[in-house]
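Chemist: Generate a structure from the sequence data that follows.
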Amino acid sequence: MLRCALCEYSSHSLLDHVPLEHGVSIEEYLQRYPESPTLSGKVWEQLLAVAPPPAPPKEMEIRVPFAGYRVPAFWGVPEEACLPLPPHYRVPQHGALAVQVRQAVISLASNRHTYLWGMPGSGKDALIHAYSHKTARPAEVFTVRPGEDIQSWFYSRSFDAEGTGWEEGRLLQIARDGYTTEAGQCIPYMILISDFDRADKSQAETIRLILDSIQGRIKGPKGVTYPIKEGTLFVFTANSSGGGDARGRCISSNPIDASLLDRINRAYQLDWMTWEDEEPIMRLKCPLLVEKAPHLFKEAGQAVEALRKAIKSEELYAECSHRLVEAWLQNAEDIIRMTGRVSPQLLKSAAQCWLDKMPDVDTRQQAVAIIDPHLTGGALFEGDLSHIAGQDAMDVFK
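Modeler: Model (predicted):
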């Protein structure tokens, strides 16, 4: 029985008594007397027995739009348990990459182990980050580094006051246990292994048991083998298709055992973005250039497309990744900030920041020849900065 805080009345429910007898709403009553309930536990039991609260959605019942599909999503997973969304990420809508991304998304949505490869800056890892973020799929990333002992992903030696022991690694924990929400739902992780073709033979072999076609397993300390939680998704990204980098630009790329690759359900190559997809992203990343020199985006796009065409046809021994384009246009913004003006040769001057990454003089000159017809401002590629403020170049840095 409950007793009214305003009089001597007692009952299992005060919902009618308080407003009728005292002219006070239930909301006001609870604000004034927060420790005075209006329904007894017995009444709550009866109400819940008649109309129990709705159960949280089951796994894979929620769907969200991504890359033109309604893909499975998860309920109750906080943002910090997912991979972060890359700044200004947009799903490609044009060219070969749009088709390739849609193919990869079908694989991810179907929970198939996936191998994504392509040239540097083609958005492989970004796609997985965006997919995790948009679908609330718990996920973590592990990056392969040449010579690193990746066995520690699974377990390692520990030391304390009692002596030596074993400590479970993060990959073992999440692959075996999954992610448990506050509502008690256990969701399998998506695990991204980045730069997988950098793995040497020993590193790659540690992955073999995980991808066993009968049941994925992980070897823990003291020889104990744990089953991987059903539904755990492994995604691998690399710069080569598994045969090593034939171009010789990614020298740490190694061949991968064919029988190991065969255990990965799907493999897709990702191309570079078209300028139709890339320009809107660059405009968001370079607001000062949009304000001061929006016409330069067209020039930059023509130059980028020409560079990538030459690279794909193996006429130019170089890269033209999204990161390179971003560095180029942001360097143009930096020059505007420092000089306070937009020079006619702005893009050519800003290009020096990546031209000087070319492996040799001949390649640099070849890149200059490719982009020169698309950029205004006359010949300027020898590090001459005197034009950018119409004064001694060193004054710019004073």
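Chemist: Pull the number of nearby residues for Thr164.
Modeler: 8 (other CB atoms under 10 Å). All C-beta spots, glycine's among them, are computed from the backbone N, C-alpha and C.
Chemist: same thing with Pro280?
Modeler: 14.
Chemist: wait, what's in contact with the residue found closest to it once you drop the neighbours it is linked to in the chain?
Modeler: Nearest residue to Pro280, sequence neighbours excluded (CB to CB, 6 or more residues apart in numbering): Arg90, at 6.5 Å. Residues counted as contacts of Arg90 (CB atoms under 8 Å, 6 or more residues apart in numbering) are 277, 280-281.
Chemist: Asp271 too?
Modeler: Contacts for Asp271 (CB under 8 Å, 6+ apart) come out as 95-97, 100, 118-119, 122.
Chemist: Look at Leu307 and tell me its secondary structure.
Modeler: On the three-state scheme (DSSP: H, G, I helix; E, B strand; the rest coil), Leu307 is labelled helix.
Chemist: Quickly note the distance from the closest residue to it other than its chain neighbours to Val304.
Modeler: Leaving aside its sequence neighbours, Leu307 sits nearest to Cys320 (CB to CB, 6+ apart; 4.3 Å). Cys320 sits 6 Å away from Val304, going by CB to CB, to the nearest Å.
Chemist: Now the two most distant members of the contacts of Asp271.
Modeler: Gly95 and Met119 (14.1 Å; CB to CB).
Chemist: related to what we said a few turns ago, out of the contacts of Asp271, which are buried?
Modeler: 97, 100, 118-119, 122 (16 or more other CB atoms under 10 Å).
Chemist: Go through the residues you listed and name the one with the lowest pLDDT.
Modeler: By pLDDT, Met119 ranks lowest within these, coming in at 85.
Chemist: show me what contacts it?
Modeler: 239, 271-272, 311, 319, 321.
Chemist: same thing but at 6 Å, please
Modeler: Applying CB atoms under 6 Å, 6 or more residues apart in numbering, we find Met119 in contact with no residue.
Chemist: Name the SS class of it, please.
Modeler: Met119 ends up coil, using three-state DSSP.
Chemist: distance of it from Tyr317?
Modeler: The value you get for Met119 to Tyr317, if CB to CB is used, is 13 Å.
Chemist: next one: Thr114
Modeler: 30 Å.
Chemist: Please name the nearest non-neighbouring residue to the most centrally placed residue in the chain.
Modeler: The chain has His129 as the residue nearest its centroid, 1.9 Å off, counting by CA atoms, centre = their mean. Leaving aside its chain neighbours, His129 sits nearest to Leu83 (4.2 Å; criterion: CB to CB, 6+ apart).
Chemist: same question, Glu333
Modeler: Closest to Glu333 by CB to CB, 6+ apart is Leu288, at 4.5 Å.
Chemist: my guess is that neighbour contacts Asp334, does it?
Modeler: No. Assessed by CB atoms under 6 Å, Leu288 is found out of contact with Asp334, at 9.1 Å.
Chemist: Which parts of the stretch 251-398 of the chain are helices?
Modeler: Assigned by DSSP state H, counting those that start in this stretch, the helices in the stretch 251-398 of the chain fall at 258-261, 275-285, 287-292, 296-312, 322-339, 346-350, 352-355, 361-371.
Chemist: Buried ones in the first one, by neighbour count?
Modeler: So that's helix 258-261. 260-261.
Chemist: Next: the longest one.
Modeler: Burial within helix 322-339, assessed by neighbour count using 16+ other CB under 10 Å, is assigned to 322, 324-333, 335-336, 339.
Chemist: relative to helix 275-285, how tilted is it?
Modeler: 40 degrees (axes from the mean of the first three to the mean of the last three CA atoms, to 10 degrees).
Chemist: Check which helices and strands helix 322-339 sits against.
Modeler: Judged by 3 or more CB pairs under 6 Å, 6 or more residues apart in numbering; DSSP states H and E, helix 322-339 is in contact with helix 287-292, helix 346-350, helix 352-355.
Chemist: Generate CSV for those, with distance to Pro221 as supplementary columns.
Modeler: CSV is the format used below for the helices and strands packed on helix 322-339 (distance: least, CB to CB, whole Å):
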stretch, distance to Pro221
helix 287-292, 52
helix 346-350, 53
helix 352-355, 47
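Chemist: May I have the residues that are in contact with Leu284?
Modeler: His88.
Chemist: if I look at it, how far off is Pro87?
Modeler: Distance from Leu284 to Pro87, by CB to CB: 8 Å.
Chemist: I'd like to know the predicted local confidence at the nearest residue to Gln203 once chain neighbours are set aside, please.
Modeler: Of all residues not flanking Gln203 in the chain, Ile150 sits nearest, at 5.2 Å (CB to CB, 6+ apart). On pLDDT, Ile150 comes in at 81.
Chemist: And for Val64?
Modeler: 92.
Chemist: would it count as being in a helix?
Modeler: No. Counting by three-state DSSP, Val64 is not part of a helix but strand.
Chemist: Could you count how many residues lie near it?
Modeler: So Val64, with other CB under 10 Å, has 13 neighbours.
Chemist: sorry, back to before: between Thr114 and Tyr317, point out the one with more neighbours.
Modeler: Ranked by neighbour count (other CB under 10 Å), Thr114 and Tyr317 place Thr114 first, with 25 against 17.
Chemist: And that one, how far from Arg90?
Modeler: On the measure of CB to CB, Thr114 and Arg90 end up 21 Å apart.
Chemist: sorry, back to before: check the burial of the residue nearest to Gln203 by counting its neighbours.
Modeler: 20.
Chemist: okay but it is in contact with Ser202, surely?
Modeler: No. Using CB under 6 Å, Ile150 makes no contact with Ser202, being 8.9 Å away.
Chemist: separation between Arg145 and Trp153?
Modeler: For Arg145 relative to Trp153 (CB to CB), the value is 12 Å.
Chemist: Could you check which of those two is surrounded by more residues?
Modeler: The neighbour count for Arg145 versus Trp153, taken as other CB under 10 Å, is higher for Trp153 (21 against 13).
Chemist: SS state for the residue located most distally from the centre of the chain?
Modeler: Distance from the centre of the chain peaks at Glu8, with 61.9 Å (CA atoms, centre = their mean). Here Glu8 is recorded as coil under three-state DSSP.
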